[in-house]
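Colleague: Starting from these lines, generate the structure:
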Amino acid sequence: MAHPITSRSRALIIYLTIWLLVIVANAFIIMFGKDLSLLLSFSDAIVSNVLFGFFGILVWYPTRYIPFQRSTPLSSIIAHFTVGILVILVWLVFTISLLGAIFSEDVDYNIFLQSSIFWRAILGILIYLVLILVYYLVINARSLSERIKAEERLRTLVKESELSMLKAQINPHFLFNSLNSVSSLIMSNPEEAQEMIHRLSDFIRYSLKHRESEYVTLKEEIGRMQDYLSIEKVRFGDKLVYKVKTDNECSGVEVPTMILQPLIENAIKHGVYESLEPVEIDFSCSVKNGYLVLQIINDFDPDQPSRKGTGVGLQNVSERIRLVYDSEGSIHWRIDKRKFIVTMSVPMSKKLSS
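Modeller: As a prediction, this is how the structure comes out:
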């Protein structure tokens, strides 16, 4: 996050103007309150406030990295107390030493300088508190602005994804192939045809019932993924082999609905479609350090020409994870010899009872 003062010329001008007014006011208070000369009063005010103005800019950096949590404010208060004491001490040492060196021959002024340490420290603490308050307001305003922008992007993405879901995930081509498979099974294997109709019905109902901004348990999402794989299994027969392995801890964790289907579709499109040999798709889930780690591995022939996608797929899933989990989740894919490996990691902050 850029410095709110030095990164913007307008903010810097306002900051310098405020300190200029403080210098003038401080000089007149010293001159009339302590009966010092105009030169001494303005010299004192300029040196003291210019130094604090410089330290005030530096105070942004500890404030930026000391988050203030309403639930546990004590640690933040202790951290700021430590930083504040350090800043005030360094400022006082520099101010007193520099002014004492400049006016070393003026005995009356040096007496005033030594006697003013206490009220200078009190004034410095008040200014420090004002500065960190302003900085926290800036941080909160920026966070709110970024959150609003992220929510707008997410809403836009959801609308686009809903249309893409209908086109790429339950499109007429997919339905046409599935119904053809059902038709061919009705005479030869009525029971399997009936089972396929049930799975197809469940899958379509699930797809239309949930919007992409909602969450479902991983157990439910895997169930729909298996429906999809079962439907494709009828089409491809022994050419498609899949395995599902999940830890018990994974079942109750919530994930965005329809987050797995594009990944499975990608594995089928670029694995099963292109291969003349049986292709195995392995899905696994585990929990590591508070994160749900999902992995999909499918056989992949790099020598076969790749089929053109619809523009949704992996990139769309990656963008959804980034927005939904506020950059805490991630998805990566790589080719390892003849395997295409997709690894998705999301925090387990949302969890239902299994």
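Colleague: Tell me where the protein has helices.
Modeller: 9-34, 38-58, 60-64, 73-102, 107-115, 117-168, 172-188, 190-209, 218-236, 261-267, 313-324 (DSSP state H).
Colleague: Pick the most deeply packed of those.
Modeller: Per residue and on average, the most neighbours among these fall to helix 261-267, with a mean of 22 (mean count of other CB atoms under 10 Å). Backbone N, C-alpha and C define where each C-beta goes, glycine included.
Colleague: Remind me what that one packs against, helices and strands.
Modeller: Using 3 or more CB pairs under 8 Å, 6 or more residues apart in numbering; DSSP states H and E as the contact criterion, the secondary-structure elements in contact with helix 261-267 are helix 218-236, strand 279-288, strand 291-299, helix 313-324, strand 339-347.
Colleague: would you turn the helices of the chain into TSV with mean pLDDT?
Modeller: Written out in TSV, the entries for the helices of the chain read as follows (pLDDT from 0 to 100):
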stretch	mean pLDDT
helix 9-34	90
helix 38-58	92
helix 60-64	87
helix 73-102	89
helix 107-115	88
helix 117-168	80
helix 172-188	73
helix 190-209	78
helix 218-236	84
helix 261-267	84
helix 313-324	79
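Colleague: Between these, which one is closest to Leu292.
Modeller: When the helices of the chain are ranked by distance to Leu292, counting by CB to CB, first place goes to helix 218-236 at 7.1 Å.
Colleague: So what touches the closest one?
Modeller: Contacting residues not belonging to helix 218-236 are listed as 177-178, 181-182, 185, 192, 195-196, 199-200, 202-203, 206-207, 240, 242, 244, 246, 250-255, 257-261, 264-265, 268, 272, 281, 283, 285, 292, 354 [CB atoms under 8 Å, 6 or more residues apart in numbering].
Colleague: hang on, the earlier thing: take the helices of the chain and lay them out in JSON lines including distance to His3.
Modeller: Output for those, formatted as JSON lines (distance: least, CB to CB, whole Å):
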{"stretch": "helix 9-34", "distance to His3": "9"}
{"stretch": "helix 38-58", "distance to His3": "7"}
{"stretch": "helix 60-64", "distance to His3": "5"}
{"stretch": "helix 73-102", "distance to His3": "16"}
{"stretch": "helix 107-115", "distance to His3": "32"}
{"stretch": "helix 117-168", "distance to His3": "10"}
{"stretch": "helix 172-188", "distance to His3": "52"}
{"stretch": "helix 190-209", "distance to His3": "48"}
{"stretch": "helix 218-236", "distance to His3": "42"}
{"stretch": "helix 261-267", "distance to His3": "41"}
{"stretch": "helix 313-324", "distance to His3": "26"}
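Colleague: Quick one: closest of those helices to Val342.
Modeller: Comparing the helices of the chain against Val342 with CB to CB, the closest turns out to be helix 261-267 (5.6 Å).
Colleague: Excluding chain neighbours, what is closest to Arg320?
Modeller: With CB to CB, 6 or more residues apart in numbering as the measure, Pro256 is the residue that lies nearest to Arg320, at 6.1 Å, once sequence neighbours are left out.
Colleague: What residues are bridge-paired with that neighbour?
Modeller: Taking DSSP bridges, one obtains Tyr215 as the residues bridged to Pro256.
Colleague: neighbours around it, how many?
Modeller: Neighbouring residues of Pro256 were enumerated by other CB atoms under 10 Å; the total is 25.
Colleague: which residues pair with the nearest residue to Asp282 once chain neighbours are set aside across the strands?
Modeller: The spatial neighbour of Asp282 that comes closest, neighbours along the chain excluded (CB to CB, 6+ apart), is Ile297 at 4.6 Å. Partner residues in beta bridges with Ile297: Asp282, Ile341, with DSSP bridges as the criterion.
Colleague: Ile297 against Arg338, yeah?
Modeller: No - under the criterion of CB atoms under 8 Å, Ile297 makes no contact with Arg338, lying 10.7 Å away.
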